[in-house]
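Chemist: here is my input, please return the structure:
(one chain, ligands or ions: 1)
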Amino acid sequence: MENWREWAVRAAEWGAGYRARVRDLPVRPDVQPGDIAKQIALSPPEKAEAFDAIFADFENIIAPGMTNWQHPRFFAYFASNSAPPSLIAEYLAGAINAVCMLWQTSPAATELETKTIDWLCQAFGLPQGFLGCIQDTATTATLSAVLVMRERALDFTGNQTGLSGAPRLRIYCSAEAHSSIDRAIWFSGIGADNLVRIPIKGALRGADPAALRQLIRDDIAAGYKPAGIIANVGATGVGACDPVAELAAIAREFDLYMHLDAAWAGSAMICPEFRTLWTGAELADSIVVNPHKWLGAQIHCSAHFVRDPSTLTRTLASRPDYLHTLGHDEVVNYSEWGIPLGRQFRALKLWFVLRAYGLEGLRTMIRNHVAWSRELCDKLRNAPNFEIVTEPVLSLWSFRYVPPSAADLDALNLRLVEAINSDGRIYLTQTRVDGRVVIRFQAGQFECTRDDVMSAYDVITEVASTL
Ligand SMILES: *Cc1c(COP(=O)(O)O)cnc(C)c1O
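Modeler: Numbering: from 1, shown residues only. As a prediction, this is how the structure comes out:
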C-alpha cells in the first residue's frame with residue numbers, strides 16, 4: 001500500500017471524530033439481522049480495490065451497524081473501555097506486530113508484561129508473591145486455572161493418560177458464577193455433572209461456606225476427588241461476591257486449588273475502600289481481573305495472577321524443539337502460561353493507560369461511576385411502580401418495573417428493556433434473580449458524566465409509561 005501513511009492519519013482522525021460524536025448516536029444501532037451482510041459483496045474481489053472505496057464502505061456500512069460500546073450511556077453488560085492512550089498503544093503494537101510467545105520473539109513485550117502485572121498487583125493491594133501474565137480473556141484465564149486444578153488433582157498425569165480411568169474430579173463454584181466457568185469445565189473434560197453449585201446466602205449472594213464444606217465431605221464420602229474452588233467477586237448477573245477468605249480456608253483444609261474470578265470488580269480494587277469486597281483475595285492460588293473492562297485497556301487485556309506459575313507451566317507448557325530458547329533458560333516464555341501459542345503484545349496498552357491517567361485518575365473515574373450509579377438507584381427506588389431488586393455492588397444494581405395492574409411482570413420487564421434499547425438513548429440488559437426477570441444497571445464507561453447516568457432515570461420512567 002503506497003499511501004498508507006495518509007490513510008493511517010485519516011483512520012486516526014476518524015477515530016477521534018467518532019469518539020467526539022458518539023454520544024449523539026443511538027447506543028444500539030437500529031438494524032435487523034442480515035441488514036449488514038446483504039450490503040457486502042458476495043465474493044472477494046479478484047482485483048485490488050481503491051482504498052477510498054474500502055474506507056467509504058467502512059464509514060457507510062460497518063460503522064452505522066455497530067453497537068457503540070464507547071457511548072457514555074452504555075449501561076448494559078459491563079463497560080468495555082478503550083481509552084485513547086490504549087487505542088494509540090494498540091496501533092503501535094500492531095505496527096510492530098510481534099508474536100509474543102517467547103522471550104526471544106518479543107523481549108521488550110515479555111519484560112513489560114512482567115512489569116505491568118507487578119504494577120497491577122501493587123495497584124490492587126495484593127501482597128508480593130503473585131506473578132502473572134496477560135491473557136486474552138477471563139474465559140481463557142479461568143480455563144487455564146481449571147486445567148491446573150485437574151492436573152494438580154491427578155498428580156499431573158491427566159495430559160498423558162486422559163481422564164477415562166481417573167478419579168471423578170469435582171469443582172465447586174457458586175450458583176451466581178459466570179458461564180465461562182461452565183465452559184471451562186466442559187473443555188477440561190471434567191464434565192458439567194462435576195461442577196457443583198454452592199448455595200448462596202446473604203445480601204451479597206455469596207457462596208455459603210458451611211454448605212460448601214458439607215458438599216465437599218459428601219463428595220469425598222461418595223468417592224469423588226475434589227479438585228478446586230472457583231470463587232467470584234462481582235459476578236456478572238447482579239455482582240454477587242463470595243466470602244473469599246472463608247472459601248480460601250476451605251481450599252486449604254481440603255488441599256484444593258482456588259481461583260478467583262474478579263473479572264469486572266477487580267479493577268475497582270485500585271480504590272482501597274472497595275477492597276473489603278474481596279478480603280482474602282491474597283489467599284487465592286490465581287486471580288483474574290479484566291483491565292479491558294473497567295481500567296481502559298481495550299479488549300483483549302485480562303490480567304491473570306498466579307501464586308505459583310510452575311503449576312501453570314507444568315499443565316500447559318509444551319516444548320517442541322522449535323520453541324527452545326537456546327541459551328536463555330532463565331527467561332519467561334509467556335506462551336507456556338496460557339492456551340494459545342501466538343500472543344499479542346497486550347502490555348503496551350496497559351502501560352500507556354496506567355501512565356496516562358495515573359492511579360489517581362483511574363480511581364476518580366471508578367469512584368464517580370460508583371457514586372453516580374448509587375444516586376440513580378436511590379432516585380429510581382422512590383419512583384412509583386419501580387422496585388430495586390438487588391442493591392448496588394460497586395456500580396451494578398438491578399430493578400424491576402412493578403405496576404399493580406400488570407399480570408406477567410417477567411414479560412413486562414422484558415418488553416421494557418427492549419423498548420428502552422430501541423429508544424436508543426441508553427442501553428441496558430436483563431438477567432434473572434431467583435427466577436424473576438430483572439433489569440441490570442451498571443455505570444463504567446470512561447466518558448460518562450453524572451448527567452449521562454441520571455438521564456437514565458428519565459428514559460426508564462418515560463419508556464415504562466408508554467408500555
Ligand atoms: C466479563 C466476565 C467474564 C468473562 O470475561 P471475558 O474476558 O469476556 O472472557 C467472566 N467473569 C466475570 C465475572 C465477568 O464479568
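Chemist: need the pLDDT of Arg319.
Modeler: Here the pLDDT value assigned to Arg319 is 77.
Chemist: whoops, I mixed them up, Leu87
Modeler: 97.
Chemist: now do the contacts for it.
Modeler: For Leu87, the contact set (CB atoms under 8 Å, 6 or more residues apart in numbering) comprises 15, 298, 349. All C-beta atoms are positioned from the backbone trio N, CA, C, and that covers glycine.
Chemist: using CSV, write out every CA atom in whatever helix or strand it lives in.
Modeler: Here Leu87, judged by DSSP states H and E, is contained in helix 84-96. Provided in CSV are the C-alpha atoms of helix 84-96 (Å, rounded to 0.1, in the frame of the first residue of the first chain):
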residue,chain,number,x,y,z
PRO,A,84,-7.4,6.9,23.8
PRO,A,85,-3.9,6.0,25.2
SER,A,86,-4.9,2.3,24.8
LEU,A,87,-6.0,2.8,21.3
ILE,A,88,-2.8,4.6,20.4
ALA,A,89,-0.7,1.8,22.0
GLU,A,90,-2.7,-0.8,20.1
TYR,A,91,-1.8,0.9,16.8
LEU,A,92,1.9,0.9,17.7
ALA,A,93,1.8,-2.7,18.9
GLY,A,94,0.1,-3.5,15.6
ALA,A,95,2.7,-1.7,13.6
ILE,A,96,5.4,-4.0,15.1
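Chemist: how many neighbours does Ile171 have?
Modeler: Residues near Ile171, counting by other CB atoms under 10 Å, number 26.
Chemist: meant to ask about Pro127, not that
Modeler: Neighbourhood size, Pro127 [other CB under 10 Å]: 11.
Chemist: wait, does stretch 387-404 contact the ligand?
Modeler: No. Judged by CB under 6 Å from any ligand atom, stretch 387-404 stays clear of the ligand, getting no closer than 9.7 Å.
Chemist: helix or strand for the closest residue in space to Ile339 that isn't next to it in sequence, which one?
Modeler: The shortest distance from Ile339 to any non-neighbouring residue, by CB to CB, 6 or more residues apart in numbering, is to Thr140 (5.4 Å). Using DSSP H and E, Thr140 falls within helix 138-153.
Chemist: and what of Ala456?
Modeler: Going by DSSP H and E, Ala456 is part of helix 450-465.
Chemist: which parts of that helix are buried?
Modeler: 452-453, 455-457, 459-461, 463-464 (16 or more other CB atoms under 10 Å).
Chemist: tabulate these (TSV), appending pLDDT.
Modeler: TSV is the format used below for the buried residues of helix 450-465 (pLDDT from 0 to 100):
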residue	pLDDT
Asp452	98
Val453	98
Ser455	97
Ala456	98
Tyr457	98
Val459	98
Ile460	98
Thr461	97
Val463	97
Ala464	97
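Chemist: ok, those residues vs Glu418, which is closest?
Modeler: Glu418 lies nearest to Val463 out of these, by CB to CB, at 9.7 Å.
Chemist: what's near enough to touch the closest one?
Modeler: Counted by CB under 8 Å, 6+ apart, Val463 has contacts 416, 419-420, 423.
Chemist: before we move on, back to that, any chance of the buried residues of helix 450-465 in a markdown table, plus distance to the ligand?
Modeler: Shown next, in a markdown table, are the buried residues of helix 450-465 (distance: CB to the nearest ligand atom, whole Å):
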| residue | distance to the ligand |
| --- | --- |
| Asp452 | 22 |
| Val453 | 20 |
| Ser455 | 25 |
| Ala456 | 21 |
| Tyr457 | 25 |
| Val459 | 24 |
| Ile460 | 23 |
| Thr461 | 28 |
| Val463 | 26 |
| Ala464 | 27 |
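Chemist: is the residue lying closest to Leu92 once chain neighbours are set aside within a helix or a strand, and which one?
Modeler: Using CB to CB, 6+ apart and skipping the chain neighbours, the partner closest in space to Leu92 is Leu348 (6.6 Å). Under the criterion of DSSP H and E, Leu348 resides in helix 347-381.
Chemist: in that helix, which residues are buried?
Modeler: 347-354, 356-357, 362-363, 365-370, 372-377, 379-380.
Chemist: and stretch 267-276, by the same measure?
Modeler: For stretch 267-276, burial by neighbour count (16+ other CB under 10 Å) applies to 267-271, 274.
Chemist: just the residues you listed now: which is nearest the ligand?
Modeler: Nearest to the ligand out of the buried residues of stretch 267-276 is Ser267 (CB to the nearest ligand atom; 10.4 Å).
Chemist: so that closest one versus Thr137, what's the distance?
Modeler: From Ser267 across to Thr137, the span is 15 Å (CB to CB, to the nearest Å).
Chemist: show me the chain divided up by domain.
Modeler: 99-344, 358-465 (automatic domain parsing).
Chemist: what's next to the lowest-mean-pLDDT helix or strand in the chain, contact-wise?
Modeler: Lowest by mean pLDDT, DSSP states H and E among the helices and strands of the chain is helix 309-316, with a mean of 93. With CB under 8 Å, 6+ apart as the test, helix 309-316 has contacts from 131-132, 144, 147-148, 150-152, 156, 159, 257, 285-286, 306, 336-339.
Chemist: buried subset of those residues?
Modeler: 131-132, 144, 147-148, 150-152, 257, 285-286, 306, 336-339.
Chemist: report the angle between the following helix or strand past the helix holding Leu87 and helix 84-96.
Modeler: Sequence order places helix 107-123 as the next helix or strand after helix 84-96, per DSSP H and E. Taking axes from the mean of the first three to the mean of the last three CA atoms, to 10 degrees, one finds that helix 107-123 is oriented at 160 degrees with respect to helix 84-96.
Chemist: now do the buried residues in helix 107-123.
Modeler: Buried, per 16+ other CB under 10 Å, within helix 107-123: 109-110, 112-114, 116-121, 123.
Chemist: for the domains of the chain, which one ends up most surrounded?
Modeler: domain 99-344 (a mean of 20; mean count of other CB atoms under 10 Å).
Chemist: tell me how far stretch 396-405 lies from the chain's centre.
Modeler: Centroid separation between stretch 396-405 and its chain, computed with CA atoms, centre = their mean, to the nearest Å, is 26 Å.
Chemist: report the backbone C-alpha coordinates of it in PDB.
Modeler: The C-alpha trace of stretch 396-405 is given here as PDB (Å, rounded to 0.1, in the frame of the first residue of the first chain):
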ATOM      1  CA  LEU A 396     -24.100  -2.500  39.400                       C
ATOM      2  CA  TRP A 397     -27.700  -3.000  40.700                       C
ATOM      3  CA  SER A 398     -30.900  -4.300  39.300                       C
ATOM      4  CA  PHE A 399     -34.500  -3.200  39.300                       C
ATOM      5  CA  ARG A 400     -38.000  -4.200  38.200                       C
ATOM      6  CA  TYR A 401     -41.000  -2.300  36.900                       C
ATOM      7  CA  VAL A 402     -44.000  -3.400  39.000                       C
ATOM      8  CA  PRO A 403     -47.200  -1.600  38.100                       C
ATOM      9  CA  PRO A 404     -50.000  -3.000  40.100                       C
ATOM     10  CA  SER A 405     -52.100  -3.800  37.100                       C
END
